[in-house]
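[1] Following is a predicted model, sequence given first.
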Amino acid sequence: MNHSVFPKSTRSRISTWAVPFFSVLFVLFFSACAAVGPDYVAPAPKMPDDWQTQLQDGLKDDPASAELLARWWDTLDDPLLTELILQALKDSPDIRQAIARVRQSRASRSMARSAYYPTLDADGSVTTQRKSRDSSNTSSGVEQEWYEGGFDAGWEIDVFGGVRRSVEAADADLQAVEADLENVRVTLAAEVARNYLEARTYQYRLDVAIANIQTQQSTVDLIESRFEAGVTGELDVQQARYNLENTRSQLPVLRSGLEASKNRLAVLTGQIPGSLHEQLQQRQPIPVPPIEVAVGVPAETLRRRTDVRSAERQLAAQSARIGVATADLYPKFKLIGSIGLESLHSDDFFDKSSRFWTLGPSVSWRIFDAGAIRSNIEIQSALQEQYLAIYERTLLTALEEVENALTAYAEEQSRRDYLKNAVTAAQRAVDLAQDRYGAGVVDFSNVLDAQRSLLSFQDALAQSEGLVTTNLIVLYKALGGGWEPYAVAE
């Protein structure tokens with residue numbers, strides 16, 4: 001407690017100069033409508049009216065439905081995929097971490113707002129002091145006790161807006177962190193879907209490989225019987241065998257990839273690796289994309305993108321911090337006061353004569369600091385320029401991601417159609433080669449080439465089927481889909 005600045009004789013009254021001083025102070029306070037520092041204005045970059053990529057293969061420039069984008073996975077009509085995504089959005093450690101960051105930011109905002117209000121401290125002390133009777137170090141002394149207790153109060157009046165700017169920055173920081181939480185949801189939903197598609201694609205490729213192994217095993221059996229009958233030579237037998245074993249060698253790689261996808265899905269949903277093996281054991285077809293996909297226009301996408309919103313809010317927060325730094329150039333006005341009891345004896349500590357109180361204004365102004373305040377203002381201004389550059393880069397990256405996703409989705413559909421034609425032709429080539437080999441028109445190498453080509457095209461088609469849907473997921477993510485207002489417990 002600090003009340004010694006007031007003589008004891010004046011602690012029971014307010015000095016005559018205090019009233020006019022406070023009158024001027026409150027006039028300044030209530031007339032200070034604007035805080036120092038720049039008033040933030042959100043950037044308004046010029047965006048293209050349409051996408052540069054030509055929309056085709058089901059892509060439409062119709063306005064994208066916010067409800068559909070929020071739960072884009074419903075368009076794939078796969079109940080298990082929907083279940084896994086919703087479980088991840090509820091139980092993933094990434095979500096819990098992001099929610100905790102929101103709570104942290106809310107507490108920081110509350111801390112900033114607390115500067116609007118007075119502070120009150122309570123303290124008490126009992127002091128024993130010993131004084132010697134004379135100058136002799138060996139003489140007996142006199143002990144005296146001092147009892148003191150009370151409350152100290154202080155209130156800084158935000159005349160120049162430093163506190164207001166601090167709260168403004170805290171509000172923007174909270175909004176940025178909330179956007180980050182939404183971005184975690186967007187990314188998590190997309191990652192679950194991509195790994196789910198990867199698992200289904202591996203299953204598809206395993207089915208293709210197994211079907212080819214069965215066909216090639218039948219060919220080996222046929223060639224061996226022909227060899228035993230002396231119709232063909234051993235070369236054909238060995239060629240048929242190495243073709244079969246080469247196809248079998250692909251199974252461990254595919255099974256390993258499938259297991260990794262299942263384990264990754266378990267981790268994304270907040271479970272121990274291996275927990276989803278039973279759910280994913282049964283083969284299911286790769287989810288088919290909808291016939292049409294509405295993508296809207298660039299301006300809609302940028303308003304919906306959570307990373308763009310976060311970057312803009314971070315820029316707003318940094319703009320407010322310039323005001324916080326600028327406020328240090330000006331004086332700070334405070335009201336300080338204290339009330340309490342003090343006595344030399346404990347038995348009369350609570351008597352009326354032991355009471356005291358003090359009240360008065362306080363002004364502090366940093367006159368000289370070797371340019372530290374102005375250097376800090378320059379630092380905060382430079383940081384604002386950096387955040388503006390980050391915001392602009394985020395905008396460009398968002399547009400780039402959508403343009404790339406539009407192209408990839410459309411082109412992969414074309415590739416898939418070509419591969420379907422290739423598989424049809426390769427299957428016909430296998431049938432013809434086998435018939436002609438049986439008739440002795442061609443040698444066995446023609447059969448081998450046809451079988452290898454069929455397996456290669458079928459495997460590529462399986463991958464392309466999965467990639468088409470995966471590219472749709474990437475497109476939905478690039479369009480800002482996969483999030484909706486998410487309540488965070490206070």
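    Sure thing, it's come through.

[2] so how far is Leu120 from Ala405?
    To Leu120, Ala405 is 57 Å away according to C-beta to C-beta, to the nearest Å. Just so you know, the C-beta spots here come from the backbone N, C-alpha and C atoms, and that holds for glycine as well.

[3] What of Gly466?
    65 Å.

[4] of Ala405 and Leu120, who's got more company?
    A direct count of neighbours by other C-beta atoms under 10 Å for Ala405 and Leu120 places Ala405 higher, at 21 against 11.

[5] quick one: which helix or strand includes the more buried one?
    Secondary structure from DSSP states H and E places Ala405 in helix 372-438.

[6] give the contact list for the closest residue to Asn263 other than its chain neighbours.
    In space, and not counting its chain neighbours, Asn263 is closest to Pro273: 3.9 Å by C-beta to C-beta, 6 or more residues apart in numbering. Going by C-beta atoms under 8 Å, 6 or more residues apart in numbering, Pro273 touches Asn263, Ala266, Val267.

[7] Quick one: those as a markdown table, columns for neighbour count too.
    Shown next, in a markdown table, are the contacts of Pro273 (neighbours: other C-beta atoms under 10 Å):
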| residue | neighbour count |
| --- | --- |
| Asn263 | 19 |
| Ala266 | 20 |
| Val267 | 16 |
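
[8] would you turn those into TSV with distance to Ala176, secondary structure and pLDDT?
    Below are the contacts of Pro273 laid out as TSV (distance: C-beta to C-beta, whole Å; DSSP: H, G, I helix; E, B strand; the rest coil; pLDDT from 0 to 100):
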residue	distance to Ala176	secondary structure	pLDDT
Asn263	33	helix	96
Ala266	31	helix	95
Val267	27	helix	95
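
[9] Asp74: which of the residues you listed is nearest?
    Among the contacts of Pro273, Ala266 lies closest to Asp74 (C-beta to C-beta), at 22.6 Å.

[10] Tabulate the CA atom coordinates of stretch 380-392 in CSV.
    Provided in CSV are the C-alpha atoms of stretch 380-392 (Å, rounded to 0.1, in the frame of the first residue of the first chain):
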residue,chain,number,x,y,z
GLN,A,380,4.5,-2.6,-35.6
SER,A,381,4.1,-0.8,-38.9
ALA,A,382,6.6,-3.1,-40.6
LEU,A,383,4.7,-6.1,-39.2
GLN,A,384,1.5,-4.7,-40.6
GLU,A,385,3.1,-4.6,-44.1
GLN,A,386,4.2,-8.2,-43.6
TYR,A,387,0.7,-9.3,-42.7
LEU,A,388,-0.7,-7.4,-45.7
ALA,A,389,1.7,-9.3,-47.9
ILE,A,390,0.7,-12.6,-46.2
TYR,A,391,-3.0,-11.8,-46.9
GLU,A,392,-2.3,-11.0,-50.5
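
[11] What lies in contact with that stretch?
    So stretch 380-392 is contacted by 43, 45, 308, 311-312, 314-315, 318-319, 321-322, 324-325 (C-beta under 8 Å, 6+ apart).

[12] just the buried members of those residues?
    In these, burial by neighbour count holds for Val308, Ala311, Glu312, Gln314, Leu315, Gln318, Ser319, Arg321, Ile322, Val324, Ala325, counting by 16 or more other C-beta atoms under 10 Å.

[13] what's the offset of whatever helix or strand Arg113 lives in from the middle of its chain?
    Using DSSP H and E, Arg113 sits in helix 93-113. Offset of helix 93-113 from its chain centre (C-alpha atoms, centre = their mean, to the nearest Å): 13 Å.

[14] The residue lying closest to Asp328 once chain neighbours are set aside and Glu385, how far apart?
    With sequence-adjacent residues excluded and distances taken as C-beta to C-beta, 6+ apart, Asp328 is closest to Ile373, at 4.7 Å. Noted for Ile373: a distance of 19 Å to Glu385, by C-beta to C-beta.

[15] Equivalent analysis for Arg415, please.
    Distance, Arg415 to Glu385, by C-beta to C-beta: 44 Å.

[16] These two: which has the busier surroundings?
    Each of Arg415 and Glu385 has its neighbours counted (other C-beta under 10 Å); Arg415 has more, 15 against 11.

[17] The more buried one reaches Ser464, doesn't it?
    Yes: with contact defined as C-beta atoms under 8 Å, Arg415 and Ser464 form a contacting pair (5.6 Å).

[18] Export stretch 187-205 to PDB, keeping only CA atoms.
    The C-alpha trace of stretch 187-205 is given here as PDB (Å, rounded to 0.1, in the frame of the first residue of the first chain):
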ATOM      1  CA  THR A 187      -8.400 -29.900 -43.800                       C
ATOM      2  CA  LEU A 188      -9.400 -32.700 -41.500                       C
ATOM      3  CA  ALA A 189     -12.600 -33.600 -43.500                       C
ATOM      4  CA  ALA A 190     -10.600 -33.600 -46.700                       C
ATOM      5  CA  GLU A 191      -7.800 -35.700 -45.300                       C
ATOM      6  CA  VAL A 192     -10.200 -38.300 -44.000                       C
ATOM      7  CA  ALA A 193     -11.900 -38.500 -47.300                       C
ATOM      8  CA  ARG A 194      -8.700 -38.700 -49.300                       C
ATOM      9  CA  ASN A 195      -7.300 -41.600 -47.100                       C
ATOM     10  CA  TYR A 196     -10.700 -43.300 -47.300                       C
ATOM     11  CA  LEU A 197     -10.500 -43.000 -51.200                       C
ATOM     12  CA  GLU A 198      -7.000 -44.300 -51.100                       C
ATOM     13  CA  ALA A 199      -8.000 -47.400 -49.100                       C
ATOM     14  CA  ARG A 200     -10.900 -48.100 -51.500                       C
ATOM     15  CA  THR A 201      -8.600 -47.600 -54.400                       C
ATOM     16  CA  TYR A 202      -6.000 -50.100 -53.000                       C
ATOM     17  CA  GLN A 203      -8.900 -52.600 -52.500                       C
ATOM     18  CA  TYR A 204      -9.900 -52.100 -56.100                       C
ATOM     19  CA  ARG A 205      -6.300 -52.600 -57.300                       C
END
